[in-house]
Each structure stands twice: as C-alpha cells, then as structure tokens.
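Chemist: Build me a model:
(one chain, ligands or ions: 2)
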Amino acid sequence: MIQLHDKQFVPFISAQEIDFAIAKIAALVEDDFADEVPVFVGVLNGAFMVVSDFMKHYKSPCEVSFIKMASYEGTTSTNEVKQLIGLDRDLSGRSVVIIEDIVDTGNTLVALKDLFKKQNVKHFKVATLFFKPEALKNDIKIDYVGIRIPNKFIVGFGLDYDGLGRNLPEVYQLKE
Ligand code: IMP
Ligand code: MG
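Modeler: Ligands and ions are numbered 1, 2, ... in the order given. Modelled structure (predicted):
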C-alpha cells in the first residue's frame, strides 16, 4: 500500500502487465501503418511514459510530437478542455496516432478530434493504455485499447493524484 497526500492506494496493475499491453498496441499500430511514416502525438502530461515505452516497441520508421491538454471543471456540468502547448508542425496529409494514458469521460479526445479536423490529416487514430468504459460520456471511437479498467481512480505510470504518483512504474487503485 502507498500513501499520496491524504489518500491510500493499493497495487492494481503490474509493470509487466503494462509492458505487455503497450507491446500489444504497438504491434497493432505497426500492422496498420508500417508502410508509411506515422506521427505519434502524445498527450501531456500523463502520456509521457506510455509514449516512451510505445516507441521502444515500435520498430518501423515513425515520428513523435506532443500536445498538452488540461480539462477544467467549470461551474456548470460542461467540461472545458484547454490546449496548453500546441502542435509545432504541419500535419496535413500525415497519419496521426494520438497516444493517451487514459480515456475517462472522453472530453479530451473530443477536443483533440475537433483540433485535428482543421489539420487535414490523412488518418486520425487513437491509442490509449487505459480505458474506463463506464465513465465515457461521449460517442467516440477508440482504435487501440491496452487495458479496460473499472471506473475507479488510479495512479502510477504517468498518472497522478494532485501531482504525485506519476513516477510509479506500476499502477495503484484508490483504496476504499
Ligand atoms: P477525459 O475525462 O477522458 O478527458 O480524461 C482527462 C484526463 O483525466 C486524463 O487524460 C487523465 O490525465 C485524467 N484522468 C482520468 N482518469 C484518471 C485516473 O483514474 N487517475 C488519474 N488521472 C485520471
Ligand atoms: Mg492524459
């Protein structure tokens, strides 16, 4: 068990299971894009570890870029997703694969889809290490999913609780 701020977390997914899931996604993406040079776009902050391991498993030519998004809870129930660091290059005509740590409500992905619609990309695909199907509030397609998890808060492997826990090599679940 570990403690971060005021909360306790219990071990949930091992480093080995995570690596296996990322290798699986990388193989599926490689099957689909090995005959071109895709651009992987990691969503900061959470996805930095997933992108790193994904790239090590992906053996064909590829490029990487990052975008930084943050969602804010407004006073209404509508969530606003803000772009904090933007894309630094022209992606028109390119095949883009978004790499996410986790898809929860899907609000971030909806904002990304809107953004990339304006970029005239050739293909727009989404890969995520974790997916909480019960939390999804939007009608969006996720092309590559590593591990489906229940709708409970997790930390580790890039995911944080109020800034802490991102450095954990495995994933922990909030203790009830
Ligand atoms: P969205 O709700 O799908 O837009 O996800 C927004 C962001 O919330 C994700 O990219 C994560 O950074 C964060 N998030 C969602 N679920 C969790 C969790 O269980 N632990 C830590 N961060 C999470
Ligand atoms: Mg994220």
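Chemist: Just name the shakiest helix or strand of this structure by mean pLDDT.
Modeler: None of the helices or strands of the chain scores lower by mean pLDDT, DSSP states H and E than strand 79-85, at a mean of 70.
Chemist: contacting residues for the residue of the chain found nearest ligand 2?
Modeler: As assessed by C-beta to the ion, ligand 2 sits closest to G46 within the chain, at 3.5 Å. To be clear about C-beta, it is placed using only N, CA and C from the backbone, and glycine gets the same treatment. G46 is in contact with 100-102, 158-160, 166, counting by C-beta atoms under 8 Å, 6 or more residues apart in numbering.
Chemist: between these, which is nearest ligand 1?
Modeler: Lowest distance from ligand 1 to those (C-beta to the nearest ligand atom) belongs to L159, with 4.0 Å.
Chemist: List the contacts of the closest one.
Modeler: By C-beta under 8 Å, 6+ apart, the contact list for L159 reads 46, 101-102, 130, 165-166, 171.
Chemist: In helices, which of those appear?
Modeler: Among these, none falls in helices (DSSP state H).
Chemist: Show me the residues you listed that map onto strands.
Modeler: Within the contacts of L159, residues falling in strands by DSSP state E are 101-102, 130, 171.
Chemist: and ligand 2, which of the residues you listed contact it?
Modeler: Restricting the ones in strands among the contacts of L159 to those touching ligand 2 (C-beta under 5 Å from the ion) yields D101.
Chemist: Make JSON lines out of the ones in strands among the contacts of L159 and add pLDDT and neighbour count.
Modeler: Formatted as JSON lines, the ones in strands among the contacts of L159 follow (pLDDT from 0 to 100; neighbours: other C-beta atoms under 10 Å):
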{"residue": "D101", "pLDDT": "97", "neighbour count": "25"}
{"residue": "I102", "pLDDT": "96", "neighbour count": "23"}
{"residue": "F130", "pLDDT": "98", "neighbour count": "24"}
{"residue": "V171", "pLDDT": "98", "neighbour count": "25"}
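Chemist: Check the residue positioned nearest the centre of the chain and give its pLDDT.
Modeler: By C-alpha atoms, centre = their mean, the chain has its centre lying nearest to E100, at 1.0 Å. Model confidence at E100, given as pLDDT, is 97.
Chemist: what's the answer for T78, then?
Modeler: For T78, the pLDDT comes out at 47.
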